[in-house]
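Engineer: Here's a sequence, model it:
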Amino acid sequence: QAETAEQALDLLETEQPEVAIVDIRLPGIDGDEFIREAIERQKPLAFVICSGSPTYGVPADLRQQVSVSEHFFRKPVTNFEELEQDVLRIMKKSA
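Structural biologist: Numbering: from 1, shown residues only. Down below sits the predicted model:
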């Protein structure tokens, strides 16, 4: 678990997660930029995006990533069972 995008990118040097749950509004590097950098560092890696912004839309370059475009949750996330099921589906798909 990382609290900042920078910490998460550092973790990618030693860990190989299948899924990253990403908040778009992060201190320092924002979530969109984190996803771009993480894709460059590690493939395959799927993302579940969380955003509290009612106007947020996944940028066009990230929408092309199937692993990004299908998995989006508005904050606050209240249905953690749905989030868990989404993560499990991603992991099963990549197995």
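Engineer: Show me what counts as buried in the longest helix anywhere in the chain.
Structural biologist: Longest helix of the chain, by residue count under DSSP state H: helix 80-94. The neighbour-count check on helix 80-94 (16 or more other CB atoms under 10 Å) flags Leu83, Asp86, Val87, Ile90 as buried. C-beta coordinates here come from the backbone N, C-alpha and C atoms, glycine included.
Engineer: Please apply the same query to stretch 60-77.
Structural biologist: Applying 16+ other CB under 10 Å to stretch 60-77 flags Leu62, Gln65, Ser67, Val68, His71, Phe72, Phe73 as buried.
Engineer: tell me how far the ends of that stretch are from each other?
Structural biologist: 24 Å (CA to CA, to the nearest Å).
Engineer: Also stretch 8-28?
Structural biologist: End-to-end distance (CA to CA), stretch 8-28: 12 Å.
Engineer: ok, the most centrally placed residue in the chain - contacts?
Structural biologist: Closest residue to the average C-alpha location of the chain: Phe47 at 3.1 Å, with CA atoms, centre = their mean. Phe47 makes contacts with Val19, Ala20, Ile21, Val22, Ile35, Ala38, Gln65, Ser67, Val68, His71, as judged by CB atoms under 8 Å, 6 or more residues apart in numbering.
Engineer: sec struct for it, please.
Structural biologist: State at Phe47, reduced to three classes by DSSP: H, G, I helix; E, B strand; the rest coil: strand.
Engineer: Bridging across strands, which residues link to it?
Structural biologist: For Phe47, the beta-bridge partners under DSSP bridges are Ala20.
Engineer: Report the contact partners of the nearest residue to Ile21 once chain neighbours are set aside.
Structural biologist: Nearest residue to Ile21 in three dimensions, chain neighbours excluded: Val48, at 4.7 Å (CB to CB, 6 or more residues apart in numbering). By CB under 8 Å, 6+ apart, the contact set of Val48 is Val19, Ala20, Ile21, Val22, His71, Phe72, Phe73, Leu83, Asp86, Val87, Ile90.
Engineer: returning to what we had before: just the ones of the contacts of Phe47 in strands?
Structural biologist: Val19, Ala20, Ile21, Val22 (DSSP state E).
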